[in-house]
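Asker: Pasting the sequence and the predicted model now:
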Amino acid sequence: MSLVISHLARRFGATQVLRGIDLTVDQGELIALLGPSGSGKTTLLRIIAGLDWPDAGGLSFDGADWLAKSAAERRIGFVFQHYALFPHMTVRDNIAFGLSVLPRSDRPAKAQIASTVDGLLSFLQIEGLADRYPAELSGGQRQRVALGRAMAINPRVLLLDEPFGALDAQVRRDLRRWLRGVHDSAGTTSIFVTHDQEEAFELADRVVVMNGGVIEQTGHPDEIYDHPATSFVARFLGLTVEVPVTMRAGRAQAAGIDLSALPRRAMADGPATLFLRPADILPVPDPQAPFRVTEIASTGALLRVVAQDDAGCRIEAEVPRREGRDLRKGQPVALRPAAGQIFPGGPQTAAVPIQTPMTLKEARP
Ligand SMILES: Nc1ncnc2c1ncn2[C@@H]1O[C@H](COP(=O)(O)OP(=O)(O)OP(=O)(O)O)[C@@H](O)[C@H]1O
């Protein structure tokens, strides 16, 4: 019972918001749509929900054409960022709502609805809130209730649009774990939208990274983290240090940076860009090195160390406090990246998606 999205396109006026989305979501999967603002995540979710229609492409569930079905016929559960609970109804009545407005022929008997709601209240660990009104709940409690309301109709697919976006960090973390548990026990197929990388990685079975209306990469969180497929994904996932390098006979070279540990790769000679995470760069005191420490600042457990060479190349590293205790401002340092990605092309062209990333971490020289 997969949800199959094929070549989906959507334009609003002159703006092409979705440019050919292909994605298959399997039964029971928890998928995160991750991407910056305006990348088309919500538009895709709304089309799946039946709240909007594409200009081209297909959408089917379990072989049935969903574009020919109304939102109600699709039986989708939807949770929005801003709690859409009915303020004049208790939690119990809010959760019962979806069932109590079904056509008479499909509507369960009152006692059946009450027992479904009791079951959900207990499953979602919100029994104590049953008789409260939304105004008497915290933000986190409201989102639990909103999920209860979405799940009451036993949805084929559960869609969550930044469900925790309006909540503070600690509540978000608690709710994430709670949602993952609920998802696993209920076995629902779920798709949630977020622009929070940590949230996507902690929650999802698979992460779909979107940018400018296309899918840049789909994969298990570890796969995306370790092997970003494009320079966009690399930047988005924190590989924010970009160093121009030259590829020669499969080796990356950059003045003053020790890339000797990097493996030989089957890449054409010429300019390329090395993408590094600040945490993967270790500055090591070395009197011969052309880089000098220009800034050291503590962020708590980590030291943020900036090193610069005479040519103006500026590289920022994050070093565990203990490993960086010998570093001093003005000191010459050699830079030794422990891991990184290389994409062909200089820094200007590195923004163009390239399909052949190079992983330095696991490859052998
Ligand atoms: N009904 C509409 N009419 C015109 N433009 C729209 C409409 N809905 C969305 N857009 C535009 O489509 C683009 C994608 O919007 P969408 O909400 O899908 O992005 P998003 O990735 O969910 O962003 P965010 O994280 O900010 O919610 C934006 O440029 C937005 O302004």
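Answerer: Yep, it's here.
Asker: For residue 179, give its distance to the ligand.
Answerer: According to Cβ to the nearest ligand atom, to the nearest Å, residue 179 and the ligand sit 19 Å apart. No exception for glycine: its C-beta is placed from N, CA and C like everyone else's.
Asker: And the host helix or strand of that residue, what's buried?
Answerer: In this structure, residue 179 sits in helix 169-186 according to DSSP states H and E. The neighbour-count check on helix 169-186 (16 or more other Cβ atoms under 10 Å) flags 171-172, 175-176, 178-180, 182-183, 186 as buried.
Asker: Check stretch 36-47 too.
Answerer: 39-47.
Asker: Kindly indicate which of the residues you listed lies nearest residue 73.
Answerer: Here the nearest of the buried residues of stretch 36-47 to residue 73, counting by Cβ to Cβ, is residue 47; it sits at 14.9 Å.
Asker: Quick check: phi and psi on that closest one?
Answerer: phi -70, psi -40 (degrees, to the nearest 10).
Asker: now it, nearest residue through space, not along the chain?
Answerer: Using Cβ to Cβ, 6 or more residues apart in numbering and skipping residues adjacent in sequence, the residue nearest residue 47 is residue 54, 5.5 Å away.
Asker: Which is the succeeding secondary structure element to the helix holding residue 179?
Answerer: The element immediately downstream of helix 169-186 (helix or strand, assigned by DSSP H and E) is strand 189-194.
Asker: End to end on stretch 52-64, go ahead and measure it.
Answerer: 18 Å (Cα to Cα, to the nearest Å).
Asker: What lies in contact with stretch 287-306?
Answerer: Stretch 287-306 has contacts (Cβ atoms under 8 Å, 6 or more residues apart in numbering) with 255-257, 278-279, 283, 307-310, 313-321, 324, 327-335.
Asker: what's the burial count for residue 221?
Answerer: 19 (other Cβ atoms under 10 Å).
Asker: what's it in contact with, if anything?
Answerer: 200-201, 204, 206-207.
Asker: could you redo the last one with a cut-off of 10 Å?
Answerer: Residue 221 makes contacts with 32, 34, 197, 200-207, 237, as judged by Cβ atoms under 10 Å, 6 or more residues apart in numbering.
Asker: Buried ones only from those, please, as a ChimeraX command.
Answerer: Those of the contacts of residue 221 that count as buried under 16+ other Cβ under 10 Å are selected in ChimeraX with:
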select :32,34,197,200,201,203,204,205,206,207,237
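Asker: still on that earlier bit, keep only the buried residues of stretch 36-47 that also lie close to the ligand.
Answerer: 39-43 (Cβ under 6 Å from any ligand atom).
Asker: Would you confirm that residue 35 contacts residue 162?
Answerer: No: between residue 35 and residue 162 there is no contact under Cβ atoms under 10 Å: 11.7 Å.
Asker: okay, and the common contacts of these two?
Answerer: 41, 193-195.
Asker: Can you tell me which of those residues is nearest the ligand?
Answerer: residue 41 (3.7 Å; Cβ to the nearest ligand atom).
Asker: From residue 256, how far out is the closest one?
Answerer: Separation of residue 41 from residue 256 (Cβ to Cβ, to the nearest Å) stands at 41 Å.
Asker: same deal with residue 315?
Answerer: Taking Cβ to Cβ, one finds residue 315 at 9 Å from residue 256.
Asker: Compare the two and say which is more crowded by neighbours.
Answerer: Neighbours were counted for residue 315 and for residue 256 using other Cβ under 10 Å; residue 315 has more, 23 against 19.
Asker: does that one have beta-bridge partners, and which?
Answerer: residue 307 (DSSP bridges).
Asker: residue contacts, the residue nearest to residue 47?
Answerer: Residue 54 is in contact with 5, 7-11, 17-18, 21, 43-44, 47, 67, counting by Cβ under 10 Å, 6+ apart.
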